[in-house]
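**Q** this one's structure only:
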């Protein structure tokens with residue numbers, strides 16, 4: 001089994017465990033059992049559940065972002081926010097383990113942030129990409145506090161259109 005395929009098997013198993021139990025209740029033993037590999041195999045790639053889940057989130061969020069058509073950056077960002085908002089892994093983390101997101105909001109930029117910035121920078125300057133990411137992130141994370149988040153998609157589009165004009 002190639003390293004990439006092996007990682008996919010482990011990440012798939014981690015995804016299934018997180019969706020079933022949440023991050024805090026997932027163990028590397030659970031993931032190893034579900035992946036059909038030894039715990040030592042898991043430990044060779046990830047020292048703990050947090051690092052495994054970080055790689056899982058990066059894979060999942062990038063799959064969404066890489067699938068966007070950036071020929072229209074505004075539509076792409078709004079679609080990306082909408083898709084992530086409905087993503088089962090995102091929903092599970094927000095609903096069960098929201099504290100896991102706090103470091104990425106207040107203290108550090110994660111691998112997912114860097115990868116998403118790289119995608120956005122294909123169609124805009126680095127400074128604009130950072131501003132767009134921060135704006136999109138706020139709509140992703142906090143729009144539910146204002147009622148139905150989908151009702152704000154048009155407002156996000158208007159905001160981005162005016163900023164990027």
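**A** Done, it's in. It should be emphasised that the depicted structure is a prediction, and the values quoted were computed from it without experimental measurement.
**Q** Pass me the low-pLDDT residue ranges in the chain, would you?
**A** 1-6 (pLDDT under 70).
**Q** For the residue most central in space within it, which non-adjacent residue is closest in space?
**A** The centre of the chain sits closest to residue 61, judged by C-alpha atoms, centre = their mean, with a distance of 3.5 Å. Nearest in space to residue 61, with sequence neighbours left out and distances taken as C-beta to C-beta, 6 or more residues apart in numbering, is residue 112 at 4.7 Å. Where C-beta positions appear, they are placed from N, C-alpha and C, glycine not excepted.
**Q** Hmm, that neighbour is touching residue 63, no?
**A** No: in this structure, residue 112 is not within contact of residue 63 by C-beta atoms under 8 Å, at 10.9 Å.
**Q** Settle it for me: which of those two has more neighbours?
**A** Remark: of residue 112 and residue 63, residue 112 carries more neighbours, 18 against 11, as counted by other C-beta atoms under 10 Å.
**Q** where does that one fall, helix, sheet strand or coil?
**A** Under DSSP: H, G, I helix; E, B strand; the rest coil, residue 112 falls in the helix class.
**Q** Please list all residues in contact with it.
**A** Residues near residue 112 by C-beta atoms under 8 Å, 6 or more residues apart in numbering: 57-58, 61-62, 104.
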